[in-house]
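**Student:** What follows is a predicted structure for the sequence shown.
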Amino acid sequence: MTAVAPARGAARRGRSAGRLALWWAVLLLIVVALVCLSVFVGARDVSPGAVWDALTGSRHGFDLTAVTGYRVPRAILAILVGAALGVSGLLIQRLMSNPLGDPQILGVNAGASLAIVVMGLFGLTAIWAYVWFAFAGAIIAMAIVYALGTAGRGPLTPLRVTMAGIAVTAVLTGLVRGVALMWPHTFDNMRIWEVGSVTGRDLSVAAWVAPFIVVGIVVAFGIAHAVDVIGMGDEMATALGVRVGRIRVIALVAATLLAGAATAAAGPIGFVGLMVPHAIRLTLGVTGRWAVAFAVLGGALVVLAADIVARLFNEDAMPVGIVTAFVGAPILILLIRNSAGANR
């Protein structure tokens, strides 16, 4: 009997892993379908045959420019940005046991935005400058939010961290607006970026941020189990052998790295990191590395879909950040109400 029980447990785990792998493959196929749709659909639709000809170099003119110079880089960047925001939001929510955790809500995106606006005042326009300034701003903003959330009496609660994040975001956003009013000539070329958009970026932008995003995702895979354990409480995590302080620092750096890279590439696209982890939890209930794997595809799916929806209204003028805000804001309100009710 004692040998049968472990065998049955292993069989159940194998079936569960097989089921999750199947769902992950289905989600991957949906993302691939959205990539194809993103390349085909626009101000002027391009047929699959024309896309193939453009990719192989046998077609010139509008189709070649639209496909290789505009739509393919846009789709690639949407995948990278979505994956980064999805995993960043997952790390923040699991690490802080905060269902309201999101790079946008916790001030990370606003900090990166302010840093990039300040960069513009110095006349820096290189993509490497965008990346490093965004990282610096994101780290500083996250540190301020965490300090405010732990200040005073009482334990660190999801609602306290969220309120601190909203306050810091409001202040930093106000500073961005102030810079825009005082130095409008500096801010003109950053207006579309400031509301979150994957429009008008070429492959060099994706090439610059991709290594940082890949590193952040790999780190997230490596610490996924430890982060889940910390989410159950520091004392329990310590008892189970987790180095809480070390893992927390690594996770926060990884989350900031991902959010900073995404913001440097596409601007502050909000609510993706909020929606994706909740969708994973409600539909699949997975933890650990499987949660990270689904967050990668889930984030890519959300940003790709939002970009396609934005194109239905206007090919260039409708930023992705506006679409995600329309969907994510009601979800945030609902989560805040539930969190406030749970803390009474």
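**Tutor:** Okay, I see it.
**Student:** Could you point out which residue ranges in this structure have low pLDDT?
**Tutor:** Across the chain, the ranges flagged by pLDDT under 70 are 1-15, 42-69, 154-158, 186-193, 314-317, 335-336, 338-344.
**Student:** tally of neighbours for L90?
**Tutor:** Residues lying near L90 (other CB atoms under 10 Å) number 29. Heads up, the C-betas are built off the backbone N, CA and C, glycines and all.
**Student:** Quick check: it touching V272?
**Tutor:** No. Counting by CB atoms under 8 Å, L90 stays clear of V272, with 10.8 Å between them.
**Student:** all helices of the stretch 51-200 of the chain, in order?
**Tutor:** 62-66, 72-96, 108-121, 127-150, 158-182, 184-187, 191-194 (DSSP state H, counting those that start in this stretch).
**Student:** Which other helices and strands does the fifth one contact?
**Tutor:** What that stands for is helix 158-182. Here helix 158-182 touches helix 108-121, helix 127-150, helix 184-187, helix 320-342, going by 3 or more CB pairs under 8 Å, 6 or more residues apart in numbering; DSSP states H and E.
**Student:** Deepest-packed of those, please.
**Tutor:** helix 108-121 (a mean of 26; mean count of other CB atoms under 10 Å).
**Student:** Centre of the chain to it, how far?
**Tutor:** Mean-position distance between helix 108-121 and its chain equals 17 Å (CA atoms, centre = their mean, to the nearest Å).
**Student:** Among the helices of the stretch 51-200 of the chain, which comes closest to L28?
**Tutor:** Between L28 and the helices of the stretch 51-200 of the chain, the shortest gap by CB to CB is with helix 72-96, which sits at 11.2 Å.
**Student:** in the closest one, what counts as buried?
**Tutor:** Using 16 or more other CB atoms under 10 Å as the test for burial, helix 72-96 gives 72-96.
**Student:** between that helix and helix 127-150, how big is the angle?
**Tutor:** Going by axes from the mean of the first three to the mean of the last three CA atoms, to 10 degrees, helix 72-96 is angled at 20 degrees with respect to helix 127-150.
**Student:** Could you shift the numbering so residue one becomes 25, and keep it that way?
**Tutor:** Sure, I'll start counting at 25 from here, so that last one is helix 96-120.
**Student:** now W47, nearest residue through space, not along the chain?
**Tutor:** Nearest residue to W47, sequence neighbours excluded (CB to CB, 6 or more residues apart in numbering): L308, at 6.6 Å.
**Student:** ignore the last one, L264
**Tutor:** Nearest to L264 is V253, by CB to CB, 6+ apart, at 5.7 Å.
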